[in-house]
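Engineer: coordinates only, sequence not included:
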């Protein structure tokens with residue numbers, strides 16, 4: 001059962017948001033003007049259909065110039081209602097617990113750092129190209145999924161996003177130079193790129209991510225947005 005209660009712009013959602021109840025959710029928010037904040041702290045169950053309903057509702061509202069932000073979603077329990085449901089519930093939990101978007105981006109950062117370390121000790125052209133490819137995807141993902149939320153929900157977010165995008169532009173410029181560089185230039189350019197990326201990562205992880213969490217940008221919903229943006233970015237890179 002899904003219960004949706006409104007308190008001004010806040011929608012308090014409790015019970016189950018799953019394949020059975022998810023079709024009700026978009027209709028519940030469609031009639032509301034202005035921005036919406038969905039409080040999912042009382043949700044007991046959330047499956048793939050429920051997550052899809054949240055993401056779709058958010059995209060639809062954005063297309064109409066409105067916003068929907070989800071806070072306090074913590075899908076930790078699934079109902080076991082029939083004999084033998086224990087193993088099914090465990091599979092369901094593994095499948096539907098949402099990835100933390102901030103951790104996803106931080107892991108991208110760690111992977112690129114490992115590649116930079118590898119290149120420093122073994123400066124192969126293929127490693128440099130791999131670094132550039134990963135960074136190209138990562139910057140597109142952040143610009144599509146992270147910075148719009150930063151601008152929308154964090155005080156001073158426009159300024160923070162502007163700075164971050166300027167740092168992206170600097171990194172992209174170096175990557176373009178790497179693409180056309182001679183072997184003699186490559187090591188110095190990769191070193192320059194590493195310095196630019198390290199500064200950017202430090203700023204994001206120490207300043208942007210904490211401020212976004214404190215402003216209520218839900219890690220799970222952000223993770224879903226990042227996953228979608230990554231699929232698009234990787235598809236475009238492969239062309």
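Structural biologist: Nice, thanks for sending it over. Since we're looking at a predicted model, the values are computed, not measured. Numbers count the residues shown, from 1 in each chain.
Engineer: per the annotation, how does the protein divide into domains?
Structural biologist: 2-96, 101-238 (automatic domain parsing).
Engineer: and those domains, which one's lowest on average pLDDT?
Structural biologist: Out of the domains of the chain, domain 2-96 stands lowest, with a mean of 65 (criterion: mean pLDDT).
Engineer: now do the strands in this protein.
Structural biologist: With strands called from DSSP state E, the chain shows them at 2-7, 10-17, 36-46, 68-71.
Engineer: buried ones in the third one?
Structural biologist: Residues of strand 36-46 classed as buried: 36, 37, 38, 39, 40, 43, 45, 46 (neighbour count, 16 or more other Cβ atoms under 10 Å). Every C-beta, even on glycine, is put in place using the N, C-alpha and C of the backbone.
Engineer: okay, those in TSV with distance to residue 125 next?
Structural biologist: Shown next, in TSV, are the buried residues of strand 36-46 (distance: Cβ to Cβ, whole Å):
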residue	distance to residue 125
36	50
37	49
38	48
39	51
40	48
43	50
45	50
46	46
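Engineer: how near is residue 10 to residue 224?
Structural biologist: 21 Å (Cβ to Cβ, to the nearest Å).
Engineer: closest one of the buried residues of strand 36-46 to residue 110?
Structural biologist: Set against residue 110, the nearest of the buried residues of strand 36-46 by Cβ to Cβ is residue 46 (28.0 Å).
Engineer: now, among the buried residues of strand 36-46, which is nearest to residue 147?
Structural biologist: Looking across those and measuring by Cβ to Cβ, the closest to residue 147 is residue 37, at 19.9 Å.
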